[in-house]
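K.L.:
I would like to see how this sequence folds:
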Amino acid sequence: MAPLLVLLLLLSGLLVSGLLLRQHFGRATLHRVIVEADTPAGKAFDLLLLIAISASVLAVILESDSRVALSHPHLFEGLEWGFTLLFGLEYVLRLLCTSQPFRYATSFFGVVDLIAILPSFLGLMLAGTKYFLVVRILRLLRVFRILKLGEYLQESELLWRAIVASRRKIIVFLMTMVLLVVIIGALMYLIEGESGGFVSIPVGIYWAVVTVTTVGYGDVAPVTPLGRFVASIVMLLGYSIIAVPTGILTVGIQQARRRQEPVRRCPSCGKGGHQGDARFCRQCGNGL
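P.N.:
Residues are numbered from 1 along each chain as shown. Modelled structure (predicted):
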C-alpha cells in the first residue's frame, strides 16, 4: 500500500508542478521552449535535455557494473530518481502545452518519452528492478528528436518496402539456409563424431551456423582430414551466401526508389519530373 501511495503522490506532484509552470509562463511560452526546436530558447532546452539524457544513460551503464553499483548505491538511486522526475515533468509539460495531447502521447516519440520515466515508477510496485536497467537505455532514442534525425527515419520506409517486396525471395533464402546448415551439421556429426567435439547433431548444426556466417568461434572444430575439407568448402560457401541477401535487398531498394520517383512528363515541352498530382508544367505552364 505504501509504494502505491508514494507513486500516486509523485504523479500528483508532477501534474501539479506542470500546471503551475503552465500558469506562470503561459502555454505559448512553454510550447516555444519545449516543442519548437528552432527558437533560441528551444535550442537551449534541447541542449540541456541532450546533456541530461547522456548523463542518465551513462549512469545506467555504470550501474550495470556490480562493483561500481555496490560502492555507490545511494548515488545511482538518487541520480535515477532525479532524472526520472526531470523527464516526468518534461513529459507532463509536453502534454499540457500541445494542442493535441493524445496525438503526442500515442506518437513514436511520445511513447519513447513515456518509456523514459516508466522503469523507476514501476520499480516502486514490482520486484526485480534490475531488469528495468536495460529499458532505461531506450532513452537514447530521444536523441533522434533532439538532433532532428527523425527525417532520416523516413528512409527506413524505403528499406521496409524493399523487404516486403522481396519477402518471398528472402523466405526462400532463409529456408535454404536452414536446410543447408541441418544437412552440414548432420554430415559433420557423421564424419567427426564425439572425438572431434561433435557429440550430437545439434552441436553440428551450431558449428555449421557459426562457420557459414563466417563467425568462427573455434570452440568446436573438425580434426579429421575429411572434416577439415568439408569445413573449407563451408567457409568458402559462407562468403558467397553473404552476397545473396545483400543483392536481394539492393535490387528491392532500387525498384522501390524507381516507384517513388515522379514519372509524369509534359506533353507540350517534354519536361519530366513532375509530381503525380501536378496539373501544370513547371517549365512551360501548360496543362499536364
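K.L.:
Assess the claim that V33 and A41 are in contact.
P.N.:
Yes - between V33 and A41 there is a contact at 4.5 Å, judged by C-beta atoms under 8 Å. C-beta: built from backbone N, CA, C; applies to glycine.
K.L.:
who's more crowded, the two?
P.N.:
V33 (20 against 13; other C-beta atoms under 10 Å).
K.L.:
show me what contacts that one?
P.N.:
39, 41-42, 45 (C-beta atoms under 8 Å, 6 or more residues apart in numbering).
K.L.:
So which elements touch the longest helix anywhere in the chain?
P.N.:
Scanning the chain for the longest helix, with DSSP state H as the assignment, gives helix 225-260. Counting contacts by 3 or more C-beta pairs under 8 Å, 6 or more residues apart in numbering; DSSP states H and E, helix 225-260 packs against helix 150-165, helix 167-192, helix 201-212.
K.L.:
so which of these is the most packed in?
P.N.:
Highest mean neighbour count among the helices and strands packed on helix 225-260 (mean count of other C-beta atoms under 10 Å): helix 201-212, with a mean of 20.
K.L.:
Could you check how far the residue most central in space within the chain is from G82?
P.N.:
Among the residues of the chain, L141 comes closest to the average C-alpha position under C-alpha atoms, centre = their mean, at 7.3 Å. Between L141 and G82 the computed distance is 20 Å (C-beta to C-beta, to the nearest Å).
K.L.:
cool, T213 as well?
P.N.:
Taking C-beta to C-beta, one finds T213 at 43 Å from G82.
K.L.:
Put the alpha carbons of the strand or helix carrying D113 into PDB.
P.N.:
Using DSSP states H and E, D113 sits in helix 108-125. C-alpha atoms of helix 108-125 as PDB (Å, rounded to 0.1, in the frame of the first residue of the first chain):
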ATOM      1  CA  PHE A 108       6.500   7.300 -31.600                       C
ATOM      2  CA  PHE A 109       8.400  10.000 -29.600                       C
ATOM      3  CA  GLY A 110       5.500  10.200 -27.100                       C
ATOM      4  CA  VAL A 111       5.800   6.500 -26.300                       C
ATOM      5  CA  VAL A 112       9.600   6.800 -26.100                       C
ATOM      6  CA  ASP A 113       9.200   9.800 -23.600                       C
ATOM      7  CA  LEU A 114       6.900   7.600 -21.500                       C
ATOM      8  CA  ILE A 115       9.300   4.700 -21.500                       C
ATOM      9  CA  ALA A 116      12.000   7.000 -20.300                       C
ATOM     10  CA  ILE A 117      10.100   7.500 -17.000                       C
ATOM     11  CA  LEU A 118       8.300   4.200 -16.500                       C
ATOM     12  CA  PRO A 119      11.100   2.000 -15.100                       C
ATOM     13  CA  SER A 120      11.600   3.900 -11.900                       C
ATOM     14  CA  PHE A 121       7.800   4.200 -11.200                       C
ATOM     15  CA  LEU A 122       7.300   0.500 -11.900                       C
ATOM     16  CA  GLY A 123      10.200  -0.300  -9.600                       C
ATOM     17  CA  LEU A 124       8.100   1.000  -6.700                       C
ATOM     18  CA  MET A 125       5.400  -1.600  -7.400                       C
END
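K.L.:
how about the nearest residue to V182, chain neighbours excluded?
P.N.:
Distance criterion C-beta to C-beta, 6 or more residues apart in numbering; nearest residue to V182, sequence neighbours excluded, is I205 at 5.9 Å.
K.L.:
Quick one, grab the pLDDT at that neighbour.
P.N.:
Looking at I205, its pLDDT is 94.
K.L.:
May I have the residues that are in contact with it?
P.N.:
Going by C-beta under 8 Å, 6+ apart, the list of residues near I205 reads 181-182, 184-186.
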